[in-house]
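# Predicted model and sequence follow; I will ask about them next.
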Amino acid sequence: MTFNIFKRLHQRPPYLMIDEIIEHSYQYIHARKVCKLSEHYLQGHFPHAPVVPGAMLQEMTTQAAGALLAEHYSPVPDYDSEKTKGHALGVLRAIHNSKFKTFARPDDILDIKVKLLQNIDNSFRFEASIEIAGKKIMFNEFTLVNISDSILVEA
């Protein structure tokens, strides 16, 4: 069965940072992103030597984790980002650790691997890594929370 990223995540292009889900379970998700030179975050970062910003690599891991939460830890059955109201799933609470080993460049195929370490109530701690051709280019640990979407609505 195909994983519907648009159903599970609120992010949309140009801010959607994952292209597909390769596999997933209650504890693990493997997503993929192919970075194109046309990506908004590569424009001007850096002229004549484009590299994916570290903040975007972090966002790729948190979006993959958010997809895992929406698929397996939603407080409502069959969460749909466009139809389900009352819930904001996978809101970033903390980045505990983040290390960048090398660069990601246009046309690189990024394998984003995220493992759930701990779940207490609506708080979820993850460890993640991004690999290019089996070589780890970054890793991090972070916490996401599921909260009421009323907190996100402007007053």
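Nice, thanks for sending it over.

# make it CA atoms for all contacts and neighbour counts henceforth
Fine.

# for whichever strand or helix holds residue 141, packing partners?
According to DSSP states H and E, residue 141 maps onto strand 135-147. When contacts are defined as 3 or more C-alpha pairs under 8 Å, 6 or more residues apart in numbering; DSSP states H and E, strand 135-147 packs onto helix 54-72, strand 88-100, strand 123-132.

# and the ones you listed as TSV, adding mean pLDDT, distance to residue 108 and mean neighbour count?
Below are the helices and strands packed on strand 135-147 laid out as TSV (pLDDT from 0 to 100; distance: least, C-alpha to C-alpha, whole Å; neighbours: other C-alpha atoms under 10 Å):
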stretch	mean pLDDT	distance to residue 108	mean neighbour count
helix 54-72	97	12	23
strand 88-100	95	16	17
strand 123-132	98	7	21
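
# okay, now the nearest residue in space to residue 7 that is not next to it in sequence: neighbour count?
With sequence-adjacent residues excluded and distances taken as C-alpha to C-alpha, 6 or more residues apart in numbering, residue 7 is closest to residue 80, at 4.9 Å. With neighbours defined by other C-alpha atoms under 10 Å, the count for residue 80 comes to 19.

# where's residue 80, which helix or strand?
Here residue 80 sits in a region with no helix or strand, counting by DSSP H and E.

# Now it: phi and psi?
Taking degrees, to the nearest 10, you get phi -130, psi 120 for the backbone angles of residue 80.

# Just confirm it contacts residue 4, I think it does.
No - at 9.6 Å, residue 80 does not count as touching residue 4 under the criterion of C-alpha atoms under 8 Å.

# contacting residues around the residue positioned nearest the centre of the chain?
Nearest residue to the geometric centre of the chain (C-alpha atoms, centre = their mean): residue 63, 1.8 Å. Contact criterion C-alpha atoms under 8 Å, 6 or more residues apart in numbering gives 9, 16-18, 90 as the residues in contact with residue 63.

# low-scoring stretches of the protein, by residue?
Residues of the chain that meet the criterion pLDDT under 70 lie in 1, 154-155.
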